[in-house]
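Novice: build me a model from this:
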Amino acid sequence: MGLLDKLFSRKNDAVDMLKDISKYINQEASTATQNPRQTTQPQNIHSAAVQQKTPQGQSWGPTMPEEENQYSYHGSYEQYFEDIFQSSFSQYSLTKENIQNRTVYTFMKDANKCLVIELVSRKSNPQKIRCDCAKLHIPYLRFYYDYHGWWNTRSYVINRTNNALR
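Specialist: As a prediction, the model looks like this:
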């Protein structure tokens with residue numbers, strides 16, 4: 001498998017991330033247009049973006065957003081995700097399985113698997129569960145719990161999970 005295949009093997013994750021990046025860039029451009037007194041040289045664009053707080057609803061960026069996220073949550077990252085899943089998706093029964101430094105959640109409804117979510121380290125390269133889900137046409141998501149700058153804000157987790165359950 002080539003480098004590009006590895007980078008884009010999680011097509012939905014890559015598309016979501018590119019959409020988030022595009023929104024952020026558009027917001028930066030809009031802010032610069034609305035504030036004509038502020039002249040930004042090309043070399044200062046990056047530093048201005050780094051200093052600006054991440055807008056609510058965005059789950060990536062150099063600074064921690066004000067919105068609740070896995071790092072600002074009062075418990076572990078597993079407790080954070082479980083809290084979201086149980087409070088926002090209570091119509092599904094949820095099972096949890098720990099497999100080799102990964103946590104796998106399965107959403108069930110009426111004895112049917114509706115979604116599988118893996119919480120994984122950025123250092124791991126798990127493919128089996130994702131491939132098994134693809135063969136069985138079961139939606140699959142992956143959230144990284146240790147990737148600096150990927151905050152997994154509450155709205156981001158809920159939106160991705162909702163989209164996968166549709």
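
Novice: now the host helix or strand of S87 - C-alpha only, PDB.
Specialist: Here S87, judged by DSSP states H and E, is contained in helix 77-88. Taking Å, rounded to 0.1, in the frame of the first residue of the first chain, the C-alpha atoms of helix 77-88 are listed here in PDB:
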ATOM      1  CA  TYR A  77     -11.000  10.100  27.000                       C
ATOM      2  CA  GLU A  78     -13.000   6.900  27.200                       C
ATOM      3  CA  GLN A  79     -15.300   8.400  29.800                       C
ATOM      4  CA  TYR A  80     -15.700  11.500  27.600                       C
ATOM      5  CA  PHE A  81     -16.800   9.500  24.600                       C
ATOM      6  CA  GLU A  82     -19.000   7.200  26.600                       C
ATOM      7  CA  ASP A  83     -20.700  10.300  28.100                       C
ATOM      8  CA  ILE A  84     -21.400  11.700  24.600                       C
ATOM      9  CA  PHE A  85     -22.600   8.300  23.300                       C
ATOM     10  CA  GLN A  86     -24.900   7.700  26.300                       C
ATOM     11  CA  SER A  87     -26.400  11.100  26.500                       C
ATOM     12  CA  SER A  88     -26.800  11.900  22.800                       C
END
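
Novice: that's a strand at V104, yeah?
Specialist: Yes - under DSSP: H, G, I helix; E, B strand; the rest coil, V104 sits within a strand.

Novice: for it, give me its contacts.
Specialist: If you count contacts by Cβ atoms under 8 Å, 6 or more residues apart in numbering, V104 has them with K96, E97, N98, V116, I117, E118, L119, I129. Glycine gets a C-beta too; all of them are placed from N, C-alpha and C.
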